[in-house]
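Engineer: Got a predicted structure here, sequence first:
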Amino acid sequence: MIVAMQEGADEQLIQQVIEHLVKIGFEVHRSTGARMTVLGAVGSGIDFDIRNLELLPGVQEVHRISSPYKLAGRSFRPEGTIVKLANGIDVGGNEIVVMAGPCSVESREQILSTAEAVAKAGAKVLRGGAFKPRSSPYSFQGHGEEALKLLREAGEKFKLLVISEVMEISQIPMMLPYVDILQVGARNMQNFNLLRELGKVRKPVLLKRGIAATLEELLLSAEYIMAGGNYDVILCERGIRTFETYTRNTMDISAIPIIHKLSHLPMTADPSHGTGRRDKVSPMARASVAAGADALLIEVHCDPNKAWSDGAQSLFPEQFSKLMDELRMIAPAVGRKIG
Ligand code: PEP
Ligand code: MN
C-alpha cells in the first residue's frame, strides 16, 4: 500500500502515520522527496479499513496495491483455471462452451423441444430456471424440483449438461443430483451465507455479477466460495444497472478482459439478461466471443412469444442456430473454437 503525505506535512505528522501503520502490522519504507513524503506499507493478511488511514492528519491519499482477494486473484494460478464439467467438457480451455435454453422450465414439451434445438445447433449445456428470482412476487416463480427432473430428462435425451439457479441454502442438497453447474443469480451475488455453503459443495458454481456490483465485489464473492474449498467457480457478466433505459441492463463487455487480467477464473457472458432485447443478443454474443469470453449463457425458447418469463430476450431456435454459425467464424480469429 502507498500512503502519500500532504505537501508540507511536518515530521511529527509523518511519524504519527508511520507509528499507526506499524501498530496495525505493516513494515514501512519511507521515501522523502523535495516536496512530499511517500510511505510504502508492506504486509499481508492485515485486516484494515483504508478510510481510517485517509482520515489521519497529514495524509493526502492512500492506494492499495495488492488485491483483497487471494484465491480468486490471477497470481494464485497465473496459468488460468480450467473448470472440468462432466462428459469431458471444460470451461476455460480452448473451446468456448455455449449454455442455452429457456429462462424457466415451463413444461415437458417446452424443455424437450428447446433442448433438441439448442443441442442440434451446438450448445453443450442446457439452461432452465426451476427457482426464479422474479422482481414481482406475483410473477411465475418456477416449478421447483419438478422442473429439475424435466431439465435432467431433456439433458440426458440430447446429451447436454444441465445448469440451474440455486436461490437458497435449503435447495442445495435437493438440486445436486439434477444439475452439473449450480448458478448463483445476480440478486444473490452477495448472499454470503449461500456462497459459504456453496464453498462446501464439490460441484462447479457459475456466479453472476450483481446488478450494481463492481468487478472487485464479484471477485470477493468468488473468494467466499473458494475459501470454503470449492475452486470450481465460473464468473458471469450479465449486464449492470446504469442510467441507460433503452436496454434492460448495460452489457459490460470490458468486464471480460478485465476479469481475465485480475483473475484466473473462467468468464461467461450472458447477453440475454445483458440487453433484455432479442435483437441485441446476437451482436453482444459475437462481441463477447471476440473479447475473450470462455462461455456464453443464452436464453432460447421453442416459442418465445408464449414464454412465461423473459420471452422478449429469448432467441428463436433458428436465430440461435444462425448465431452459432457466426460464432464458429469469430472464435478462430481469437484463437478459440466453438462446438
Ligand atoms: C437467469 O439467468 O435465469 C437469471 C435470473 O439471471 P440474472 O440472475 O442474471 O438476473
Ligand atoms: Mn431470464
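Structural biologist: Cool, got the structure. For clarity, every value in this text was computed on a predicted model and none was experimentally measured. Ligands and ions are numbered 1, 2, ... in the order given.
Engineer: Run a quick neighbour tally on the residue in the stretch 201-339 of the chain that ligand 1 sits nearest to.
Structural biologist: Among all residues of the stretch 201-339 of the chain, residue 238 sits closest to ligand 1, at 3.8 Å; criterion: C-beta to the nearest ligand atom. Where C-beta positions appear, they are placed from N, C-alpha and C, glycine not excepted. Applying other C-beta atoms under 10 Å, we find 24 residues neighbouring residue 238.
Engineer: ok, now residue 52?
Structural biologist: Residue 52, neighbours per other C-beta under 10 Å, totals 11.
Engineer: again with residue 76
Structural biologist: Around residue 76 there are 16 residues (other C-beta under 10 Å).
Engineer: Skipping adjacent residues, who's closest to residue 30 in space?
Structural biologist: Leaving aside its sequence neighbours, residue 30 sits nearest to residue 39 (C-beta to C-beta, 6 or more residues apart in numbering; 5.7 Å).
Engineer: So the one you found, which state does it fall into?
Structural biologist: strand (DSSP: H, G, I helix; E, B strand; the rest coil).
Engineer: hey, what's the residue of the stretch 1-150 of the chain found nearest ligand 1 bridged with?
Structural biologist: Residue of the stretch 1-150 of the chain nearest ligand 1, by C-beta to the nearest ligand atom: residue 129 (4.7 Å). Here residue 129 sits in beta bridges with residue 104, as judged by DSSP bridges.
Engineer: Look at it and say how many residues are nearby.
Structural biologist: Residue 129 has 29 nearby residues by other C-beta under 10 Å.
Engineer: So which elements touch the host helix or strand of residue 322?
Structural biologist: Residue 322 belongs to helix 317-333 when assigned by DSSP states H and E. Here helix 317-333 touches strand 95-101, helix 108-121, helix 278-290, strand 295-299, strand 337-338, going by 3 or more C-beta pairs under 8 Å, 6 or more residues apart in numbering; DSSP states H and E.
Engineer: My guess is the residue nearest to residue 30 contacts residue 18. True?
Structural biologist: Yes: taking contacts as C-beta atoms under 8 Å, residue 39 lies within contact range of residue 18: 6.6 Å.
Engineer: So which of the two has more stuff around it?
Structural biologist: residue 39 (22 against 17).
Engineer: contacting residues for that one?
Structural biologist: Residue 39 sits next to 2-5, 14, 17-18, 21, 28-31 when contact means C-beta atoms under 8 Å, 6 or more residues apart in numbering.
Engineer: I'd like to know how far the residue in the chain that ligand 1 sits nearest to sits from ligand 2.
Structural biologist: Proximity to ligand 1, evaluated over the chain using C-beta to the nearest ligand atom, is greatest for residue 185 at 3.0 Å. Distance of residue 185 to ligand 2, computed by C-beta to the ion, to the nearest Å: 9 Å.
Engineer: The residue of the stretch 201-339 of the chain closest to ligand 1: what's it in contact with?
Structural biologist: Contacts of residue 238 (C-beta under 8 Å, 6+ apart): 186, 208-209, 249, 270, 273-274, 297.
Engineer: Can you tell me which of the residues you listed is nearest ligand 2?
Structural biologist: Using C-beta to the ion, residue 273 comes nearest to ligand 2 of the contacts of residue 238, at 5.9 Å.
Engineer: So for the closest one, what's the nearest residue that isn't a sequence neighbour?
Structural biologist: residue 238 (4.3 Å).
Engineer: how about that neighbour, phi and psi?
Structural biologist: Dihedral pair for residue 238: phi -130, psi 20, per degrees, to the nearest 10.
Engineer: Let me see the domain layout of this protein.
Structural biologist: 2-66, 83-338 (automatic domain parsing).
Engineer: List the contacts of the closest residue to ligand 2 within the stretch 1-150 of the chain.
Structural biologist: In the stretch 1-150 of the chain, the residue that lies nearest ligand 2 is residue 103 (3.3 Å; C-beta to the ion). For residue 103, the contacting residues are 128-129, 132, 272, 299, 301, 307-311, 313-314, by C-beta under 8 Å, 6+ apart.
Engineer: What separation do you get for the closest residue to residue 230 other than its chain neighbours and residue 15?
Structural biologist: Excluding the flanking residues, the one nearest residue 230 by C-beta to C-beta, 6+ apart is residue 199, at 4.9 Å. To residue 15, residue 199 is 43 Å away according to C-beta to C-beta, to the nearest Å.
Engineer: quick one, which of these two is more surrounded?
Structural biologist: Between residue 199 and residue 15, counted using other C-beta under 10 Å, residue 199 has the larger neighbour count: 18 against 11.
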